[in-house]
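Asker: Got a predicted structure plus its sequence, pasted below:
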Amino acid sequence: MKYALIGCGRIATNHIKAVLNNHLEFAAACDVNPENIETLLAKHGLEKDSSIARYTDYKKMIEEVKPTLVGIATESGLHAEIALFCIDHGVNCIIEKPMAMSIEDADEIIRRSREKNVKVSACHQNRFNL
């Protein structure tokens, strides 16, 4: 499965671990700050992996890479906008919590995901901490 990550901040390392543990094809990473991408990849020994494309524009990344699945790990206020763009392009989404900042945006994510027949999941990884 071709995976792309949008947002390379603090929580993104958990997404990378899941990608590696599940043997996904890590096709691309995106962050408005290119240094964040490199820092995150280096944390996992992937800094020299040229098969992972680097982007600062998630729309361009989605259109060029055409991932099957994206992890959305940006600041909370951008989750819905990014998810809706990805859904409209037929991309399955794992969205960090909160999935949206309003119930209207959350409902629209659900409505469009059904319309486009893509899967959407809100990520609550800390539920499994002991």
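Answerer: Sure thing, it's come through. Numbering: from 1, shown residues only.
Asker: For the rest of this, base every contact and every neighbour count on C-alpha atoms.
Answerer: Noted.
Asker: Restrict stretch 92-105 to CA atoms and write it as PDB.
Answerer: Extracted as PDB, the C-alpha positions of stretch 92-105 are listed here (Å, rounded to 0.1, in the frame of the first residue of the first chain):
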ATOM      1  CA  ASN A  92      -7.900   6.800   2.300                       C
ATOM      2  CA  CYS A  93      -7.100   8.900   5.400                       C
ATOM      3  CA  ILE A  94      -5.900   8.400   9.000                       C
ATOM      4  CA  ILE A  95      -6.500  11.700  10.700                       C
ATOM      5  CA  GLU A  96      -5.000  12.700  14.000                       C
ATOM      6  CA  LYS A  97      -7.500  13.800  16.600                       C
ATOM      7  CA  PRO A  98      -9.500  15.900  16.400                       C
ATOM      8  CA  MET A  99     -10.600  14.900  12.900                       C
ATOM      9  CA  ALA A 100     -12.200  18.400  12.600                       C
ATOM     10  CA  MET A 101     -12.700  21.500  14.600                       C
ATOM     11  CA  SER A 102     -16.500  21.500  14.000                       C
ATOM     12  CA  ILE A 103     -19.200  18.900  13.900                       C
ATOM     13  CA  GLU A 104     -20.200  20.300  10.400                       C
ATOM     14  CA  ASP A 105     -16.700  19.600   9.100                       C
END
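Asker: in it, what counts as buried?
Answerer: Of the residues in stretch 92-105, 92-100, 105 count as buried by neighbour count, 16 or more other CA atoms under 10 Å.
Asker: Could you do stretch 19-36 as well?
Answerer: By 16+ other CA under 10 Å, the buried positions in stretch 19-36 come out as 19, 25-31, 36.
Asker: Just the closest of those residues to Val120, please.
Answerer: Relative to Val120, the closest of the buried residues of stretch 19-36 is Val19; by CA to CA it sits at 16.6 Å.
Asker: check contacts around His44.
Answerer: By CA atoms under 8 Å, 6 or more residues apart in numbering, the contact set of His44 is Ile16.
Asker: Need the residue closest to the centroid of this protein.
Answerer: Gly71 (2.0 Å; CA atoms, centre = their mean).
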